[in-house]
Structures are given as C-alpha cells and as structure tokens.
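> Any chance you can model this:
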Amino acid sequence: MRRALPLLLIATAWTSPADAADPAATAPIAVKPLGANLEAFAYPFPVHWYGASSQGAPIRMAYLDVPPSARANGRTVLLLHGKNFCAATWQGTVTALSNAGYRVIAPDQIGFCKSSKPAGYQYSFQSLAALTRGLLDQARVGKVLVVGHSTGGILAARFALMYPDRVERIVLVNPLGLNDTLAQGVPYADLGTLRREEARTDAASIKAYQLRNYYHGQWRPAYDRWVAMLAGQYASPDGDLVREAQARLSDMIETQPVAADLDRIVAPVSLIIGQKDLTAFRANTAPVAVRSAVQTVPQAAEAVARRFSKMHLIRIADAGHAPQVEDPARFNAVLLDELR
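All right, here's what the predicted structure looks like:
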C-alpha cells in the first residue's frame, strides 16, 4: 500500500530583487552571435563530450563532469536543465554540490545549447532519457540523485520510470509536465505554428517572457547573461538550426507530459516549487474563457503531490520559476537538505 509522507512546508524570506520599476527591467540586452551550438560561449567548467548514434544520425552531447572539491561522499547528482536553460545555468548549484562532496554531471540535452541539433530529429523524453543513460555509462556512473528543472523535470520523471535501478532520489524544481495542458484547454500547435513562433524569438521576447513568468516582474542584471546566451544562438548565421530544434522540442513538451505516469514512480520525490511561478506551457494561446483552467506549475504541483508514494513538497513563497538562478544560496541550502 502506498503511503504518502507528510508535506514539508518551508516559507522563506528571500532577498528582494530590484523593483520592477528599475531600468534593468526594461533595458535592452546586448547580444552577439554565439553559434548554434554556443561555440563562442564559455562554460564555467570543462566541457566533456558523449558521442552516439540516435535515429541513424551521429550526435554529440556536451556535459559537465565536476568532481567533489571537498571530501567525497560517494554520491553523484545528475542535473537536468529546462527548455530555456543550459548546463551552464546550473553554475551556482554545481559549485555548492561539489563543495558538499558530490560528483556532478550536468548534460546539455540533444537539441539544446552546445549539443547536436540533428535535422529532422523526432524528439521524445524517452530518447533523451536513453541518451542520458548512455552518457552516464560512459562516465562510469551508477546510481544518481536526479535533479530536474522545468522541462528537465519531465525528463527526470521519465528517466526514473525507464531506469528505476539507476535512481536514488528525484528532486523536481518547478517542473513542467505534472499536468496535461492540452487536456486543460490549450489548443494543439502543429510544427508549422511553432516554427512561426520561433521565427519571432529574440532577446527582447525572451526577456519579456522570463520577466513575467519566471521572475514575477522583477529583473536583476545577473539574468542578462542567460538571455544573451539564448539569444546569441538565434542571432547566429546558423540560427535556423536552433529555431527548428526549439520548435520540435516545444512539440515534445506539449504532447508528452508525464502526468499520467506519476503513480508509477517508486523513487522518493522532492518537489521544490517557487510559488510565484506563472508558467503554464502555452496557456496564453488558450481561449480566454478556459485559460484559468490551465494550471500553473505551483497549481499542478499541489494537485499531484499526494500521488507520489514517498514525497516532500517544499513551497518557497517568494520565488518564481527558476529559484536556482533567482537566489542560488537559498536554493542550494534547500536542495542540499533534500539530498541529505
């Protein structure tokens, strides 16, 4: 018989970001071409490579493999990034985990960041999970503590379902996929529609989306680096490779939620949820009359929390979609508590 553990509630006093009226919230971000695979963007740790064949095409996955900087505890954390993030975005978390004795593996998933973006690739969370397992095998990593953020939360759950013997614990940070947004009223967008939307993506649109949905109307100059990283891919001569990959990845997210399979996850689960997150994938395209029925990430987390057999829910009152970026010190303290 499944037994739900008590919810762990943490109300935290976060450092207040700059007020939304601050010029940082509306200032344009300087962008330079960085290459479709971020060739001109330096990561904070050495980049390693995993090569494989997938769907008949050769692919390369970039990943960080950071050893413990303190006494090793023998455990490895696998960090899975979200759609608008990269392995590099985990910089503060990687440092904190390494300082606490963990080995850290942080891949760029295929289709993202420094990794391959093969033409015509059919993206699925199953294929991403299988490639991630192959990467771990190459790195000679056995069981892992899986931390997945946003879209990486769907991947973390799918990885745990496919390879339960490789997972010690799952930590889902403001994950997508806990609800089926299409079933809740978001209209299906075909690949042509998604391509047209990607054609309009630039630094201004990326910042505006993140300002509203991720950072609850408050912007810090430190966030500029990550917008410039994403926009620098689009602005490159080969930026159409990025746009095509991102359109196909959006199709994957909208059609492959993990909501129906949550009951089958056997590993202990921690949900770390910034309560000010307004993210509800593509809810802005739903008819106004049904838009309120599309759950935001915090609402979806509340709805499914009891479906996990072993679960802690941590509500962070003043955080948005990316607490690891918004307040790394506070987030890292919470994450380390969960992993211990």
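> tell me the contacts of residue 184?
Taking C-beta atoms under 8 Å, 6 or more residues apart in numbering, we find residue 184 in contact with 286, 290, 293, 294, 295. Any C-beta I mention is one placed from the backbone N, CA and C, and that applies to glycine too.
> of the residues you listed, buried ones?
Those of the contacts of residue 184 that meet the buried threshold are 286, 294, 295, by 16 or more other C-beta atoms under 10 Å.
> show me the contacts for the nearest residue to the second one once chain neighbours are set aside.
Looking back up the chat, that one is residue 294. The spatially closest residue to residue 294, leaving aside those adjacent along the chain, is residue 283, at 4.0 Å (C-beta to C-beta, 6 or more residues apart in numbering). Under the criterion of C-beta under 8 Å, 6+ apart, the neighbours of residue 283 are 181, 186, 291, 294, 296.
> Take the residues you listed and keep only those in helices.
Secondary structure from DSSP state H places residue 291 of those in helices.
> Using TSV, lay out the contacts of residue 184 together with distance to residue 83.
Formatted as TSV, the contacts of residue 184 follow (distance: C-beta to C-beta, whole Å):
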residue	distance to residue 83
286	19
290	24
293	23
294	17
295	18
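> Among those, show me the least confident.
Lowest pLDDT among those: residue 290, with 91.
> For the spatially closest residue to that residue that is not a sequence neighbour, give me its contacts.
Take residue 290 and drop its neighbours on the chain: the residue closest to it by C-beta to C-beta, 6+ apart is residue 185, 3.7 Å away. Residue 185 makes contacts with 286, 287, 290, 291, 293, 294, as judged by C-beta under 8 Å, 6+ apart.
> Run through who's touching stretch 164-171.
By C-beta under 8 Å, 6+ apart, stretch 164-171 touches 75, 133, 136, 142-148, 156-157, 159-160, 265-270, 272, 335, 338-339.
> Out of those residues, name the ones that lie in strands.
144, 145, 146, 147, 148, 269, 270, 272 (DSSP state E).
> so which of the residues you listed would you say is closest to residue 122?
residue 148 (21.4 Å; C-beta to C-beta).
> List the contacts of the nearest residue to that closest one once chain neighbours are set aside.
Spatial nearest neighbour of residue 148, excluding adjacent residues (C-beta to C-beta, 6+ apart): residue 156 at 2.8 Å. Residues near residue 156 by C-beta under 8 Å, 6+ apart: 80, 146, 147, 148, 170, 171, 172, 175.
> Closest to residue 114 out of these?
Nearest to residue 114 among these: residue 80, at 15.1 Å, using C-beta to C-beta.
> If I look at that closest one, what pLDDT would I see?
99.
> State the three-state secondary structure for the closest residue to it other than its chain neighbours.
Closest residue in space to residue 80, ignoring its immediate chain neighbours: residue 152 at 3.3 Å, by C-beta to C-beta, 6+ apart. Using DSSP: H, G, I helix; E, B strand; the rest coil, the structure places residue 152 in helix.
> what does residue 78 give?
strand.
> these two touch, right, it and residue 103?
No. At 9.8 Å, residue 78 does not count as touching residue 103 under the criterion of C-beta atoms under 8 Å.
> Now the common contact residues for these two.
Among the neighbours of residue 78, those also in contact with residue 103 (C-beta under 8 Å, 6+ apart) are residue 141.
> quick one: which of the two has more around it?
residue 78 (29 against 20; other C-beta atoms under 10 Å).
> Give me the number of neighbouring residues for the closest residue to that one other than its chain neighbours.
Distance criterion C-beta to C-beta, 6+ apart; nearest residue to residue 78, sequence neighbours excluded, is residue 144 at 4.2 Å. Residues near residue 144, counting by other C-beta under 10 Å, number 24.
> which of the contacts of residue 283 count as buried?
Buried among the contacts of residue 283 by 16+ other C-beta under 10 Å: 181, 186, 294, 296.
> Which pair in the residues you listed has the greatest spatial separation?
Farthest pair in the buried ones among the contacts of residue 283 (C-beta to C-beta) is 186 and 296. Separation: 12.4 Å.
> What's the first helix or strand after the host helix or strand of residue 212?
Element membership for residue 212 (DSSP states H and E) is helix 203-213. As assigned by DSSP H and E, the chain's next helix or strand after helix 203-213 is helix 224-234.
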